[in-house]
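Colleague: Sequence and predicted model, in that order:
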Amino acid sequence: MNLAKAKKLCAGLPGATQDVKWGSSLVFSVGGRMFAATDDDAKAKRITFKVDDDAFLALTDRPGIVPAPYLARAKWVQIDDLKAVSDEEADVLLRRAHEIIFGKLTKKLQKEISEGGA
């Protein structure tokens, strides 16, 4: 996985925002809710994001992918070895992370984002 491409994808998803939290984490959110995070520097070597419940166990069984510290109970994974995931698979997983969180927003907020107002 190319982390620069992953960051660009996350930033470009509908309604996505990014900010730095906890001092050094670049966090991508939609509607104020996080869907992905990585280190906020050019030397970042990992990324963390939300996954479907059924995908969580399958992904964390793979080498280089672990349950995300502090967020595993909410079904977040952390990719510690970027070679564990291809760019194509990362694209699908990150888009799905955004979709999962977007789906948990209020219908009103979903409509605002979809119309480009948020």
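Modeller: Structure's in. What do you need?
Colleague: For Ala55, list the residues it contacts.
Modeller: Residues in contact with Ala55 (Cβ atoms under 8 Å, 6 or more residues apart in numbering) are 93, 96. (Glycine included, C-beta is placed from N, CA and C.)
Colleague: wait, is it part of a helix?
Modeller: Yes: according to DSSP: H, G, I helix; E, B strand; the rest coil, Ala55 belongs to a helix.
Colleague: Let me know the pLDDT of it.
Modeller: At Ala55, the pLDDT value in this model is 94.
Colleague: Start at 695, not 1
Modeller: Sure, I'll start numbering at 695, so the last one becomes Ala749.
Colleague: Quick one: residues contacting Val779.
Modeller: Contacts of Val779 were listed using Cβ under 8 Å, 6+ apart, and they are 695, 758-759, 773, 787.
Colleague: Could you tell me how far it is located from Gly709?
Modeller: Computed with Cβ to Cβ, to the nearest Å, the distance linking Val779 and Gly709 is 24 Å.
Colleague: before we move on, what about Ala762?
Modeller: Note on Ala762: its distance to Gly709, by Cβ to Cβ, is 22 Å.
Colleague: related to what we said a few turns ago, tell me which two in the contacts of Val779 are the farthest apart.
Modeller: Gly758 and Leu787 (13.4 Å; Cβ to Cβ).
Colleague: Who has more neighbours out of these two?
Modeller: Neighbour totals were compared for Gly758 and Leu787, and Leu787 leads with 23 against 15 (other Cβ atoms under 10 Å).
Colleague: element containing that one, please.
Modeller: Using DSSP states H and E, Leu787 sits within helix 781-797.
Colleague: tell me what the helix or strand just after that helix is packed against?
Modeller: Using DSSP H and E, the helix or strand that directly follows helix 781-797 along the chain is helix 801-808. Contacts defined by 3 or more Cβ pairs under 8 Å, 6 or more residues apart in numbering; DSSP states H and E place helix 801-808 against helix 781-797.
Colleague: If anything else comes up later, I'll come back, but that's it for now.
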